[in-house]
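Trainee: next input, structure requested:
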Amino acid sequence: MIALLFALGAACFALSLPITGTHFGAKLRQAAGVSFVLALVPSLVVGLFLPSGATPTGDAPTNALPVGAQLVHGLSCFGALVLLSLGAY
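Mentor: Residues are numbered from 1 along each chain as shown. Next comes the predicted model:
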């Protein structure tokens, strides 16, 4: 699913390049942006807010944080991302 969303985003963006000045070109760029965001958000949310499970070897991680600390770290990373994006805008 993620690969399809990336492919859709790349195709929409590439198709919008020759017609950048038109309303349809703007809609294609919006569709490309939405598909890129939809491809990235699930893994970002899972990585930030859900606690990591066991390591691939099956052992418990030695440096595991409590769930509350992981949530605080995830929210702070998300807040930093929001501030950086606002600063870039």
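
Trainee: tally of neighbours for Ala32?
Mentor: For Ala32, the count of nearby residues is 19 (other C-beta atoms under 10 Å). Yep, even glycine has a C-beta here, placed from its N, CA and C like the rest.

Trainee: how about the contacts made by it?
Mentor: Leu8, Gly9, Ala10, Ala11, Cys12, Phe13, Ser16 (C-beta atoms under 8 Å, 6 or more residues apart in numbering).

Trainee: pull out the buried residues from those.
Mentor: Applying 16 or more other C-beta atoms under 10 Å to the contacts of Ala32, the neighbour count classes Leu8, Gly9, Cys12, Phe13, Ser16 as buried.

Trainee: which one of these sits closest to Val34?
Mentor: Using C-beta to C-beta, Gly9 is the member of the buried ones among the contacts of Ala32 that lies nearest Val34, at 8.0 Å.

Trainee: looking at it, the closest one is touching Gly33, isn't it?
Mentor: Yes: in this structure, Gly9 is within contact of Gly33 by C-beta atoms under 8 Å, at 7.4 Å.

Trainee: got CSV for the buried ones among the contacts of Ala32, with distance to Phe78, secondary structure and pLDDT too?
Mentor: Output for the buried ones among the contacts of Ala32, formatted as CSV (distance: C-beta to C-beta, whole Å; DSSP: H, G, I helix; E, B strand; the rest coil; pLDDT from 0 to 100):
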residue, distance to Phe78, secondary structure, pLDDT
Leu8, 25, helix, 91
Gly9, 22, helix, 91
Cys12, 27, helix, 92
Phe13, 26, helix, 92
Ser16, 29, helix, 92
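
Trainee: would you format the residues you listed as CSV with distance to Thr22 included?
Mentor: Converted to CSV, the buried ones among the contacts of Ala32 look like this (distance: C-beta to C-beta, whole Å):
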residue, distance to Thr22
Leu8, 20
Gly9, 19
Cys12, 14
Phe13, 15
Ser16, 9
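
Trainee: gap between stretch 4-22 and the chain center?
Mentor: 19 Å (C-alpha atoms, centre = their mean, to the nearest Å).
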